[in-house]
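> prediction below, plus the sequence it came from.
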Amino acid sequence: MPHASPSSPSSSAPSSSPAVLFSPSLPSGDSVVAALRAAGCVFAEDEAALILTAARTAAELVALVDRRVTGLPLELVLGWAEFRGLRIGVAPGVFVPRRRTEFLVSEALAHAPHADVVVDLCCGSGAVGAALAAALDRPEVHAADVDPAAVRCARGNLADAGGLVYAGDLFEALPDALRGRVDILAANVPYVPTGEVALLPAEAREHEPLVALDGGADGLDVLRRVAAEAPDWLAPGGCLLVETSERQAPAAVAAFTRAGLTTRLAVCEELYAHVVIGVRG
């Protein structure tokens, strides 16, 4: 259940003002671009190309464009989101993976390029687990989420990797047999402070579950719980990785350190990504 970024799930968002439905008698590429641009989509040409490819009939094209211009995130219109070169299936009510989170995957692979056991906690769509599975040599992949819709979605995305997806609250969902065996524990927890959820873009507030966004009073409630229990699940030398914000990073690092993990902060300026990494000694 990763946190929503300051930007919307899609590369651009339609205007919040009422949109005119797209229903030309003969839809064309130019008319799709025009409709998306009129709705406020900054990258109208790019979005139009994706929608035109997805539509199998003229009627379906009209329906897809209508959904987009009335505010549905592009990824939900298409039914997938791109993540590290993969097409990750997404569904209504499931958090859309952000490009920023690709940095967390890169950091995990840099630390444990030969990981045998991977856990994607707070997995949402399972994008992180799927990306790690694609990059590693046939790892054992496990994922968990408290949201049933996310669990269903992740099972579809991790099926090819043989991933097992569990429903439940954090570590309670995992089988005890994983204790002390996990090489990569990726936990993209919710970290929006409760008081700031209302400030998120409409695409996040209206189309993604609150449990995937709200991280408590200071945004770090779930992160602290994960950090405290992680050492029991990590293998020697195994790593815990959690995405956070620049403002929250010092407190997040402190939580990892209190749990007994050797901790560092990794930053990607290009993606405005901050990942706390803790290693079990």
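Here it is on my side, so go on.
> would you state the helices of this protein in chain order?
Here the chain has its helices, by DSSP state H, at 29-38, 44-54, 58-69, 74-78, 102-111, 127-135, 148-158, 202-207, 221-233, 249-258.
> pull the contacting residues for residue 193.
Residue 193 is in contact with 215, 216, 217, 218, 219, counting by CB atoms under 8 Å, 6 or more residues apart in numbering. Where you see a C-beta, it was placed from the backbone N, CA and C, and this is true even at glycine.
> tell me which two of those residues sit farthest apart.
Farthest-apart pair in these is 215 and 217; separation 8.6 Å (CB to CB).
> of these two, which one has the most company?
Using other CB atoms under 10 Å as the criterion, residue 215 and residue 217 rank with residue 215 on top: 25 against 10.
> that one contacts residue 189, correct?
Yes. With contact defined as CB atoms under 8 Å, residue 215 reaches residue 189; the gap is 6.6 Å.
> coming back round to it: any common contacting residues for residue 215 and residue 217?
193, 194.
> so what's residue 187 closest to, chain neighbours aside?
residue 121 (4.0 Å; CB to CB, 6 or more residues apart in numbering).
> for this protein, which spans come out with low pLDDT?
1-28 (pLDDT under 70).
> make it 90
1-44, 55-60, 62, 66, 69-73, 92-93, 191-216 (pLDDT under 90).
> at the geometric centre of it, which residue do we find?
When CA atoms, centre = their mean is applied to the chain, the residue found nearest the centroid is residue 97 (2.8 Å).
> and the closest residue to it other than its chain neighbours, what does it touch?
What sits nearest to residue 97 in space, not counting adjacent residues and going by CB to CB, 6+ apart, is residue 127, at 3.7 Å. Residues in contact with residue 127 (CB under 8 Å, 6+ apart) are 81, 83, 86, 88, 97, 101, 157.
> which two of these have the greatest separation?
Greatest spatial distance in the contacts of residue 127: 101 and 157, 14.1 Å, computed using CB to CB.
> who has more neighbours out of the two?
residue 157 (28 against 24).
> tell me, how many residues neighbour the closest residue to that one other than its chain neighbours?
Of all residues not flanking residue 157 in the chain, residue 126 sits nearest, at 4.2 Å (CB to CB, 6+ apart). Close neighbours of residue 126, defined as other CB under 10 Å, add up to 30.
> against residue 115, how distant is residue 126?
17 Å (CB to CB, to the nearest Å).
> kindly report the same for residue 147.
On the measure of CB to CB, residue 147 and residue 115 end up 26 Å apart.
> likewise residue 224?
25 Å.
> my guess is the residue nearest to residue 157 meets residue 147, correct?
No. Proximity of residue 126 to residue 147 does not meet the contact threshold set by CB under 8 Å, at 11.9 Å.
> what does the closest residue to residue 278 other than its chain neighbours show for phi and psi?
Counting by CB to CB, 6+ apart, residue 278 lies nearest to residue 261, which is 3.0 Å off, once chain neighbours are set aside. Dihedral angles of residue 261 (phi, psi; degrees, to the nearest 10) stand at phi -90, psi 140.
> ok, now which ones touch residue 238?
Residue 238 neighbours (CB under 8 Å, 6+ apart): 112, 182, 183, 184, 185, 279, 280.
> try it again with 10 Å
Contacts of residue 238 were listed using CB atoms under 10 Å, 6 or more residues apart in numbering, and they are 111-112, 115, 117, 119, 180-185, 230-231, 261, 278-280.
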